[in-house]
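Enquirer: predicted model follows, preceded by the sequence.
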Number of protein chains: 2
Amino acid sequence: MKLDKNLNILIVGLGLIGGSYAQALTEKGYRVTAITKDQSSVDYALEHGYIEKGYTEVTEEVVSSADLLIFALYPHVFTGWLEQYGKLIKKGAVVTDVTGVKEAIIDRVLYLLPEGVEFIAAHPMAGRELSGIEYSDSSLFKVANYIVVPTEQNEEETIEMCEELGRELGFARITRLTPAEHDKMIAFLSQLTHCIAVSLMCTSDEPGLEKYTGDSFRDLTRIAKINDEMWSELFTLNRPALLAQMDAFAETFNTLRTALATGDTEKMRSMMKKSTERRKLFDKK
Amino acid sequence: MKLDKNLNILIVGLGLIGGSYAQALTEKGYRVTAITKDQSSVDYALEHGYIEKGYTEVTEEVVSSADLLIFALYPHVFTGWLEQYGKLIKKGAVVTDVTGVKEAIIDRVLYLLPEGVEFIAAHPMAGRELSGIEYSDSSLFKVANYIVVPTEQNEEETIEMCEELGRELGFARITRLTPAEHDKMIAFLSQLTHCIAVSLMCTSDEPGLEKYTGDSFRDLTRIAKINDEMWSELFTLNRPALLAQMDAFAETFNTLRTALATGDTEKMRSMMKKSTERRKLFDKK
């Protein structure tokens, strides 16, 4: 399948990401239908012109007429949906997702999909500290990465279609990773950072600290406002990779602590020099 | 002493902070003279109209004519300067500083100053990842805190003069703390965050990670670009307070790790809920 403005695109789940997808694709001239839990989200999407049609009930008519289905749901809701309704998806359709972990769900998704339906996994690395379609904003993607996570079962044409979807959504960079590479990378760059932010925010209950806070503390804890239901699920689904990254960080942190405790200024400075040099690579271009 | 536009203000050290002070005070109509190490910094400050006069040599004439001296130097350079030239400061003058730690330097400064010269410690909680007067920017202070750190030896009038200085510099918020309160607060809000950022940046050398980095990793590591000379000195001068905060953070981080490792989703979620709630206090007003 090639991406095409005549495709029937069905987005399942109009939350922050699903809503932003709907907005971005409609702005580009695609025809978008949506199924989501709450009528208020359907109403919001219709009022804002994000979708052509929206439903709160899953019907054979709507599902079976979709050529491209994009699931923007929590991982267990996504697989639960497929258990119940996956059989309604028509042969030849392509399914993609936005799930933040891959190894833990891909096999289950492949198992649940009917024969002749291809699944191409993808992860838009974008988000906000707020959830719900009312915070949707397709400009979120302009500075974000879109990662396509193919398996050996994918057709090259479908992988390219998914990359094209990322471009059409407006992502700054489109890349490919294997499921294992993806999960390791996400454990370090995204999940570990959330663990650190949450831990830092839970370290002190001292009242009044906010009066003295500078930008550094604010920066380190911005993501400490976190959707606990979603992130605890993502952490759990990526447990081995995340524990490995947490341990690696704790070890490095302890190395710095020891340098400070023993007065090893050279070691402290060498770590600071390394962090300064390495951080330059991460500046936005 | 009251703050007054006829005072002779001498800034010692035209780096990022000293330069920004010079700029802010001159913009407000104060008369600012500076002494700094490099002629290029004097030239820059004169060209940009930050100062009236600038010198690279310390002379009795310049020092003894100052009513208010502001030291914007590394801690050991500040105390070293006082050892050598402190005796040149005239009776009745007031000395203040910008040093990021207080307990470790206040007694030494008081000991080195001549009789009749009052020291009022202050800490502008502002900075950038870059150093040098060419990165000076008085607008840095608009969103920052200015902390006045009096001791029992200070006159109330001098403390108020220092608070007025903070207002004239344009700081968003002016507060008072004791040296011990200051050092504990700074260990948590500023030094610990820098330890975390440096450690996170040193945790993985895997090439190519920058291609996948989202905003969360960038936010947590912005301050990992760090002046290693200055920060290793600040860490060392505040060692007991910082080690205590590092240990408190490591313990909380390990609590989250244990919750993940043992599948205690409720514990993970309760920490996330707490961090979400608590972080709201730190939103910029």
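Expert: Done, it's in.

Enquirer: low-confidence stretches in the stretch 1-150 of chain A?
Expert: For the stretch 1-150 of chain A, applying pLDDT under 70 flags no range at all.

Enquirer: which parts of it sit against chain B?
Expert: Contact residues, the stretch 1-150 of chain A versus chain B (C-beta under 8 Å from any C-beta of the partner chain): A:125-127, A:143-145, A:147. C-beta: built from backbone N, CA, C; applies to glycine.

Enquirer: surely A:Thr79 meets A:Asp107?
Expert: No - the pair A:Thr79 / A:Asp107 is not scored as a contact, 10.3 Å apart, by C-beta atoms under 8 Å.

Enquirer: these two - which one has more neighbours?
Expert: A:Thr79 (19 against 11; other C-beta atoms under 10 Å in any protein chain shown).

Enquirer: so A:Ile174, which of the three states?
Expert: At A:Ile174 the chain is in strand, as set by DSSP: H, G, I helix; E, B strand; the rest coil.

Enquirer: isn't it right up against A:Ala144?
Expert: No - A:Ile174 lies out of contact with A:Ala144 (C-beta under 8 Å); the separation is 10.4 Å.

Enquirer: settle it for me: which of the two has more neighbours?
Expert: A:Ala144 (20 against 17).

Enquirer: what's the spacing between the closest residue to that one other than its chain neighbours and A:Glu103?
Expert: What sits nearest to A:Ala144 in space, not counting adjacent residues and going by C-beta to C-beta, 6 or more residues apart in numbering or on different chains, is A:Ala126, at 3.9 Å. From A:Ala126 across to A:Glu103, the span is 21 Å (C-beta to C-beta, to the nearest Å).

Enquirer: for A:Lys2, same thing?
Expert: 28 Å.

Enquirer: more crowded one of these two?
Expert: A:Glu103 (18 against 9).

Enquirer: residue ranges with poor pLDDT in the stretch 151-285 of chain A?
Expert: For the stretch 151-285 of chain A (pLDDT under 70), the answer is A:285.

Enquirer: quick check, stretch A:223-230 touching chain B?
Expert: Yes - judged by C-beta under 8 Å from any C-beta, stretch A:223-230 comes into contact with chain B through A:223-229.

Enquirer: mind checking which of those are buried?
Expert: For the residues of stretch A:223-230 next to chain B, a burial check counting by 16 or more other C-beta atoms under 10 Å in any protein chain shown picks out A:223-228.

Enquirer: next, count neighbours for the residue nearest to A:Leu243 when sequence neighbours are not counted.
Expert: Counting by C-beta to C-beta, 6+ apart, A:Leu243 lies nearest to B:Ala261, which is 6.0 Å off, once chain neighbours are set aside. For B:Ala261, the number of neighbouring residues by other C-beta under 10 Å comes to 14.

Enquirer: now do the strands in chain A.
Expert: Using DSSP state E, the strands of chain A run over A:8-12, A:31-35, A:53-55, A:68-71, A:94-97, A:118-125, A:145-149, A:173-176.

Enquirer: distance of A:Lys5 from A:Leu68?
Expert: For A:Lys5, the distance to A:Leu68 - C-beta to C-beta - is 11 Å.

Enquirer: more crowded one of these two?
Expert: Using other C-beta under 10 Å as the criterion, A:Lys5 and A:Leu68 rank with A:Leu68 on top: 23 against 11.

Enquirer: got the contact list for that one?
Expert: Contact analysis of A:Leu68 by C-beta atoms under 8 Å, 6 or more residues apart in numbering or on different chains lists A:1, A:3, A:7-10, A:93-96, A:165.

Enquirer: now do it against chain B, distance only.
Expert: A:Leu68 sits 25 Å away from chain B, going by C-beta to the nearest C-beta, to the nearest Å.

Enquirer: same deal with A:Arg239?
Expert: Computed as C-beta to the nearest C-beta, the A:Arg239 to chain B distance reads 6 Å.

Enquirer: identify the residue nearest that residue in space, chain neighbours excluded?
Expert: B:Leu260 (6.2 Å).

Enquirer: ditto for A:Phe78
Expert: A:Phe71 (4.9 Å).

Enquirer: could you do A:Lys91 as well?
Expert: A:Gly116 (3.7 Å).

Enquirer: report the distance from stretch A:238-257 to the chain centre.
Expert: 22 Å (C-alpha atoms, centre = their mean, to the nearest Å).

Enquirer: can you list the residues that contact that stretch?
Expert: By C-beta under 8 Å, 6+ apart, stretch A:238-257 touches A:101, A:103-104, A:183-184, A:186-188, A:191-192, A:195-196, A:235, A:267-268, A:271, B:195-196, B:198-200, B:202-204, B:243, B:246-247, B:250, B:253-254, B:256-257, B:260-261.

Enquirer: buried subset of those, written for ChimeraX?
Expert: In ChimeraX, this line selects whichever of the contacts of stretch A:238-257 come out buried by 16+ other C-beta under 10 Å:
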select /A:101,103,104,183,184,186,187,188,191,192,195,196,235,267,268,271 /B:195,196,198,199,200,202,203,204,246,250,253,256,257,260
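
Enquirer: in helices, which of the contacts of stretch A:238-257 appear?
Expert: A:103-104, A:183-184, A:186, A:192, A:195-196, A:235, A:267-268, A:271, B:195-196, B:198-200, B:202-203, B:243, B:246-247, B:250, B:253-254, B:256-257, B:260-261 (DSSP state H).

Enquirer: what's opposite the residue nearest to A:Phe78 in the beta bridge?
Expert: Legend: beta-bridge partners of A:Phe71 under DSSP bridges are A:Val12, A:Asp97.

Enquirer: thought it was touching A:Val95?
Expert: Yes - the criterion here is C-beta under 8 Å, and A:Phe71 meets it with A:Val95 at 6.9 Å.

Enquirer: tell me the contacts of A:Ser136?
Expert: A:Ser136 neighbours (C-beta under 8 Å, 6+ apart): A:16, A:19-20, A:22-23, A:50.

Enquirer: phi, psi of A:His48?
Expert: phi -90, psi 0 (degrees, to the nearest 10).

Enquirer: meant to ask about A:Glu152
Expert: phi -70, psi -20.

Enquirer: tell me, how many residues neighbour it?
Expert: 5.

Enquirer: got it, and A:Thr151?
Expert: A:Thr151, neighbours per other C-beta under 10 Å, totals 15.

Enquirer: again with the one 3 residues further on
Expert: By other C-beta under 10 Å, 18 other residues sit near A:Asn154.

Enquirer: ramachandran coordinates for A:Ala126?
Expert: phi -140, psi 150.

Enquirer: chain center to stretch A:217-225: distance?
Expert: 19 Å.

Enquirer: repeat that for stretch A:16-25.
Expert: Using C-alpha atoms, centre = their mean, the offset of stretch A:16-25 from its chain centre is 13 Å.

Enquirer: which residues touch it?
Expert: With C-beta under 8 Å, 6+ apart as the test, stretch A:16-25 has contacts from A:9, A:11-12, A:14, A:32, A:34, A:36, A:41, A:44-45, A:48, A:50-51, A:70, A:72-73, A:98, A:124, A:126-128, A:130-133, A:135-138, A:140-141, A:168-170.

Enquirer: may I see the PyMOL selection of the buried members of the residues you listed?
Expert: A single PyMOL command selects the buried members of these (16+ other C-beta under 10 Å):
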select buried, chain A and resi 9+11+12+14+32+34+36+41+44+45+50+51+70+72+73+98+124+126+127+128+133+136+138+140+141+168+169+170
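
Enquirer: excluding sequence neighbours, find me the nearest residue to A:Tyr55.
Expert: A:Ile35 (5.0 Å).

Enquirer: so in terms of bridging, what pairs with the one you found?
Expert: A:Val12, A:Tyr55.

Enquirer: what is the burial count for it?
Expert: A:Ile35 has 24 nearby residues by other C-beta under 10 Å.
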